[in-house]
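1. Pasting the sequence and the predicted model now:
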Amino acid sequence: MPAKDKAKKTTAADFQEAAVEGAEEKPKSALDEVMSQAERAYAAYMDAERQVAKAYHENEMQVAKAYKRAEAQASKAFESVATAAMKDRDEALAKAAKKREDLMARAEEEYKAAEAAANSAYEAALTDAVKSRDENVEKAWAVRDETIEQAWQIYSKIAR
């Protein structure tokens, strides 16, 4: 081998090629046998390393899928809770609006009843006041008439 090739890194494929070539030829010496075993061991090591890397990659993919499933489930649960909370809020607001309408209607009815009672009391008081005024005016006229009558009687006695 040239020096340039010796400096080149040996890859697993190179060792596999050598192992295959070595399997076809019978080792010529103990050193060749040991080298052949080392090359096969290295090729097996490299193959195992590739299998481990593949297993790690597959595990990473499975973890990513599991994460995406968990994320999707969490999003679905969030949407479900948010929808239920929105529905509950809408129902509570509707009940509050209905209660407010009922209270406003009842307050309006009570106001109208109080207004009617106040108007009725006003009318009764006004009627009583008019009646009392008329009676007092009538009494005053009667007193006036009586006083004038008495004055004429006194004057007519004096004038005779």
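-> Alright, I've got the coordinates.
2. The longest helix belonging to the chain packs against which elements?
-> If you go by DSSP state H, the chain has its longest helix at helix 30-159. Counting by 3 or more CB pairs under 8 Å, 6 or more residues apart in numbering; DSSP states H and E, the packing neighbours recorded for helix 30-159 are helix 12-24. C-betas here are computed from N, CA, C, even on glycine.
3. quick one: low-confidence parts of the protein?
-> 1-27, 160 (pLDDT under 70).
4. do that again at 90, thanks
-> Along the chain, the parts satisfying pLDDT under 90 run over 1-28, 145, 148-160.
5. Distance from stretch 30-40 to the middle of the chain?
-> 72 Å (CA atoms, centre = their mean, to the nearest Å).
6. Can you point out the buried residues in that stretch?
-> Neighbour-count burial for stretch 30-40 flags 36, 39, 40 (criterion: 16 or more other CB atoms under 10 Å).
7. Same question for stretch 115-129.
-> Under 16+ other CB under 10 Å, stretch 115-129 has no buried positions.
8. How far away from the center of its chain is it?
-> Here stretch 115-129 is found 55 Å from its chain centre; the criterion is CA atoms, centre = their mean.
9. Tell me the gap between the longest helix of the chain and the middle of its chain.
-> 15 Å.
10. Just say helix, strand or coil for residue 28.
-> Classification of residue 28 using DSSP: H, G, I helix; E, B strand; the rest coil returns coil.
11. For the remainder of this discussion, apply numbering that starts at 5.
-> Right, with 5 as the first residue, what we last looked at is residue 32.
12. give me the number of residues near it?
-> Per other CB atoms under 10 Å, the neighbour tally for residue 32 reads 8.
13. Distance check, it against residue 39.
-> Applying CB to CB, to the nearest Å, the value for residue 32 to residue 39 is 11 Å.
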